[in-house]
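A.B. asks: Just a sequence and a predicted model for now, questions to come.
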Amino acid sequence: MADLRTVLYLLVYPGLVFLFVYSTFCEWFDRKVYARLQNRMGPTHTGRFGLLQPIADFLKLMAKEDVVPEAADKRLFSVLPVIGLAVVSTAGLLLPVWNFDLGLPGWTSFSGDIIVVLYLLSLPTLILFLAAWSSTNLFATIGGSRVLTMLFGYEVPLFLSVLSPAILADSWRLAEIAAFYQARPLLLLANLLGFLIAVVAVQAKLERTPFDIPHAETEIVGGTFTEYSGKKLALFRLTFDIEMVVASGLLATVFLGGFPGGAVIGFVHFVVKTLFVIFLLSLLRALTSRIRIDQVVSFSWKYLAPLAVLQLLATILLKGLLK
Amino acid sequence: MSFEIPIGPQHPALKEPISLRMTVDGEVITGVDIRLGYNHRGVEKVAEEKNWTQNIYLTERICGICSHSHATCYVQGVEKLMELAPPKRGLYIRYLVSELERVHSHLLWLGVAGHEAGFDSFFMYTWRDREIVMDLLEMISGNRVHYAINTIGGVRRDLDEGQKARILEGVATLRKRSEYYFHIGANEPSFVGRIAGVGMLSKEQAVSLCAVGPVARASGVARDVRKEDPYAVYDELDFELCTADTCDVLGRVVVRVKELLESYKMIEQMVKGLPDGDIACKAPRKAKPGEVVSRYEAPRGENIHYIKANGTDKPERLKVRAPTLGNYPATVEMLRNGFIADIPLIFAAIDPCICCAERTVTLVGARNGEERLVTLGDLRRLAIERHQSAPPKRNAVWPI
């Protein structure tokens, strides 16, 4: 029985099948919200309401010619998309959806898993840099250096803001943090500032407007993805879709009280809460213009990081008061 | 680390082929080299083979956005050569179309500026509203892009009361929307942060580098043919010259939005004050020998046509100086010491119309940099040889 559960967990929910289907749904949702905010229709034709459009796009890319540049480091160039996908999918397994026991830490939920998720979510950035670097294209190289420059901007505020609820809950385990806030929902309000900072930082991590600088098409063509095509590009896009799901799932766990109620009711919680986070991300994407790389760094260190520190201090003070 | 990045001739930021070679040091541009000639069509030569009327349709096709500007500039010049005085009603309709075209061009540009800055929502909104003016133009002339409303001695189509009412209605909607865009363009922090202080061009530089149009006006140079040398109906209209003194891309956005508002004012005046009478007078087939320079304020700046007649029904020479050409030297100056991220914005801010400005072509060997002259026959032979010796195209491999 336990084996069956594990197989279900790895392959079905929240494993590969679920992540694939749900991430395409999230992409559809994001595109639809973005389009409606721009007075457009968004996808309408493939499937009902265009729901199958992201899957169609994925399949189309899988069928396209896959070119590896002569000058590229071929092995690295080819293996990176797969590693990226594996990394974010692994991070998805650590979200406390079901198959965990609060009293008994297991391999899907253990003390310190919040750190592991954050670490796994940072890896795609490095993979993207390596991908850009290994493709040896001029535009990709510029994109790659922008990826790393941006990383120094948003990573610290993200970590600080995600860790402050954990400090208040006095746990490094996602399931326990969620359970803590489920028991005391009012305390979620104390983390509101941190939530907003984290949404902005996640937007930067996902490289969406206003932070789509590494692949700003009007400046550096495809940026990091310039040389990628076919299957590899499809996998990269899937990686980013799944990263969006996992990152919003992480924010939902930490800031919105997690997913109580086991597999079924928890599933509803998961969908509603992640879609809420994704809605905020889409809103941000539609309402802003791309900023410059130096502006990202100065914005992060002038505003995001100090605010995150403020949130951290407030959390620590609140914790002292509660005791 | 210093290296050269090629922007163009094919690049997502460019809608038309031009090659900008940027020498960059990290993210900062240290040198700029503009290369033209990728879209040369020999318009001036063709014009010498066609008669006065046929050339209206040729000059209209110099540009796809300011098509009416070139046709009007040409027609103005020819009318001067033929000593024609078109009836007032015809002129009012002609310049009404001019102002509508300016509205459509500026709305298009605003969208492009938004897109270049990564502000796609702005792009979608302005282009949605551009449809209103495109529909008006279609209603007036029957076409969305090449209106073909000009003829020597007036215009080809009249306006009726219903059309007048619809123009006023459309302009009222557009004015409301443009005020909203003005608010966004000048207040949305990420957009303003992106365009303020970018692509500086001081007033002195603008004058010495002969910048034209909104680029010059955004640097505080009050230069507009409609005001300085009012042609046709412009001395009867009440409008203001829009300038800005910020000297950057933000200033160029502001100038263009202000011009939109001024254009709405002029359109309303022209529609309401449309005189009665004929729309065109009869033009002679031939023009007396002579030469003329015709000036016209296109949406992008001053457009100049030089026309020389030799007494036949064809021009002896037609020289077109499109506004974009006048702005290239200033662009090089604006790009220097900017960031890579600003290239598309700065370049788009002159509202480049590359095929307008392509008057000549030089053949340069890609490998040795050698310049040479080639006849049309040689070019044709080379093209056929190249086509025949090209390897067969490899099809994509189907993975399944």
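C.D. replies: Right, received. Where do you want to start?
A.B. asks: For the closest residue to A:Leu160 other than its chain neighbours, pull up the helix or strand it's in.
C.D. replies: Of all residues not flanking A:Leu160 in the chain, A:Ala308 sits nearest, at 3.7 Å (CB to CB, 6 or more residues apart in numbering or on different chains). The C-beta positions use only the backbone N, C-alpha and C, and glycine is treated the same way. Taking DSSP states H and E as the definition, A:Ala308 sits inside helix A:305-322.
A.B. asks: Ok, A:Leu238 next?
C.D. replies: helix A:230-255.
A.B. asks: can you give me the helices in the chain?
C.D. replies: Just going to use chain A. Here chain A has its helices, by DSSP state H, at A:2-7, A:16-37, A:53-63, A:74-93, A:113-134, A:138-169, A:174-183, A:192-205, A:217-220, A:230-255, A:262-287, A:293-299, A:305-322.
A.B. asks: was after chain B, sorry
C.D. replies: For chain B, the helices defined by DSSP H occupy B:43-47, B:52-60, B:67-82, B:88-116, B:120-141, B:161-187, B:189-195, B:203-208, B:213-218, B:225-228, B:249-272, B:323-335, B:343-349, B:376-389.
A.B. asks: For the fourth one, buried residues please.
C.D. replies: It stands for helix B:88-116. Of all the residues in helix B:88-116, those buried under the rule 16 or more other CB atoms under 10 Å in any protein chain shown are B:88-116.
A.B. asks: likewise stretch B:325-335?
C.D. replies: Taking 16+ other CB under 10 Å as the basis for neighbour counts, the residues of stretch B:325-335 that come out buried are B:325-328, B:330-331, B:333-335.
A.B. asks: Give me the distance between the residue in chain B positioned nearest to chain A and B:Pro289.
C.D. replies: For chain B, the residue closest to chain A is B:Gly118, as judged by CB to the nearest CB, at 2.5 Å. When distance is defined by CB to CB, to the nearest Å, B:Gly118 is 55 Å away from B:Pro289.
A.B. asks: now A:Met1
C.D. replies: When distances are taken as CB to CB, A:Met1 and B:Pro289 turn out to be 102 Å apart.
A.B. asks: Between the two, tell me which one has more neighbours.
C.D. replies: A side-by-side neighbour count of A:Met1 and B:Pro289, using other CB atoms under 10 Å in any protein chain shown, places B:Pro289 first with 12 against 5.
A.B. asks: Point out the most buried one among the helices of chain B.
C.D. replies: For those, the stretch with the most neighbours on average is helix B:213-218, a mean of 28; neighbours defined as mean count of other CB atoms under 10 Å in any protein chain shown.
A.B. asks: and that helix, what's its mean pLDDT?
C.D. replies: For helix B:213-218, mean pLDDT is 90.
A.B. asks: repeat for stretch B:74-84
C.D. replies: Taken as a whole, stretch B:74-84 has a mean pLDDT of 90.
A.B. asks: repeat for stretch A:169-179
C.D. replies: Per-residue scores along stretch A:169-179 average to 87.
A.B. asks: and the end-to-end length of that stretch?
C.D. replies: End-to-end distance of stretch A:169-179 (CA to CA, to the nearest Å): 9 Å.
A.B. asks: repeat for stretch B:187-202
C.D. replies: With CA to CA as the measure, the first residue of stretch B:187-202 is 23 Å from its last.
A.B. asks: can it be found next to chain A?
C.D. replies: Yes - Stretch B:187-202 comes into contact with chain A (CB under 8 Å from any CB of the partner chain), by way of B:188, B:190-191, B:193-194.
A.B. asks: Could you dump those into CSV and include pLDDT?
C.D. replies: Rendered in CSV, the data for the residues of stretch B:187-202 next to chain A read as follows (pLDDT from 0 to 100):
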residue, pLDDT
B:Glu188, 82
B:Ser190, 82
B:Phe191, 83
B:Gly193, 83
B:Arg194, 83
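A.B. asks: Do I have it right that A:Leu174 meets A:Asp113?
C.D. replies: Yes - A:Leu174 is within contact range of A:Asp113, at 5.4 Å (criterion: CB atoms under 8 Å).
A.B. asks: Spell out which residues are contacts of both of the two.
C.D. replies: Listed contacts common to A:Leu174 and A:Asp113 are A:Leu94; contacts here mean CB atoms under 8 Å, 6 or more residues apart in numbering or on different chains.
A.B. asks: tell me which parts of the stretch 51-200 of chain B are close to chain A?
C.D. replies: Within the stretch 51-200 of chain B, the residues that sit near chain A (CB under 8 Å from any CB) are B:114-122, B:124-125, B:128, B:188, B:190-191, B:193-194.
A.B. asks: Sketch out the low-pLDDT regions of the chain for me.
C.D. replies: Just so you know, I chose chain A. Scanning chain A for pLDDT under 70 picks out the ranges A:99.
A.B. asks: wrong one, chain B
C.D. replies: Residues of chain B meeting the criterion pLDDT under 70: B:1, B:392-400.
A.B. asks: hmm, back to that, what's the closest non-adjacent residue to the residue of chain B closest to chain A?
C.D. replies: Distances taken as CB to CB, 6+ apart put A:Arg290 closest to B:Gly118, at 2.5 Å, once the chain neighbours are dropped.
A.B. asks: Just give me the neighbour total for that neighbour.
C.D. replies: Other residues near A:Arg290 come to 25 when the count uses other CB under 10 Å.
A.B. asks: For chain B, what is the nearest residue in the stretch 201-323 of chain A?
C.D. replies: Across the stretch 201-323 of chain A, the shortest distance to chain B (CB to the nearest CB) belongs to A:Arg290, at 2.5 Å.
A.B. asks: How much space separates that residue from B:Thr331?
C.D. replies: A:Arg290 is 21 Å from B:Thr331, where distance means CB to CB.
A.B. asks: My read is that A:Ala175 contacts A:Leu104, right?
C.D. replies: No - assessed by CB under 8 Å, A:Ala175 is found out of contact with A:Leu104, at 10.5 Å.
A.B. asks: So for those two, which sits in the more crowded spot?
C.D. replies: Here A:Ala175 and A:Leu104 are compared on neighbour count by other CB under 10 Å; more neighbours surround A:Ala175, at 26 against 8.
A.B. asks: How about the contacts made by that one?
C.D. replies: Shown in contact with A:Ala175 (CB under 8 Å, 6+ apart): A:96, A:100, A:102, A:109, A:258.
A.B. asks: Drop anything exposed from the residues you listed.
C.D. replies: Among the contacts of A:Ala175, those classed as buried by 16+ other CB under 10 Å are A:96, A:100, A:109, A:258.
A.B. asks: which residues touch the second one?
C.D. replies: The one in question is A:Phe100. Taking CB under 8 Å, 6+ apart, we find A:Phe100 in contact with A:106, A:108-109, A:175.
A.B. asks: Quick check: the two most widely separated of the residues you listed?
C.D. replies: Looking at those by CB to CB, the two members farthest from one another are A:Gly106 and A:Ala175, with 10.0 Å of separation.
A.B. asks: how many neighbours does the nearest residue to B:Pro6 once chain neighbours are set aside have?
C.D. replies: Leaving out its chain neighbours, the residue that sits closest to B:Pro6 by CB to CB, 6+ apart is B:Arg21, at 5.8 Å. By other CB under 10 Å, the residues close to B:Arg21 number 14.
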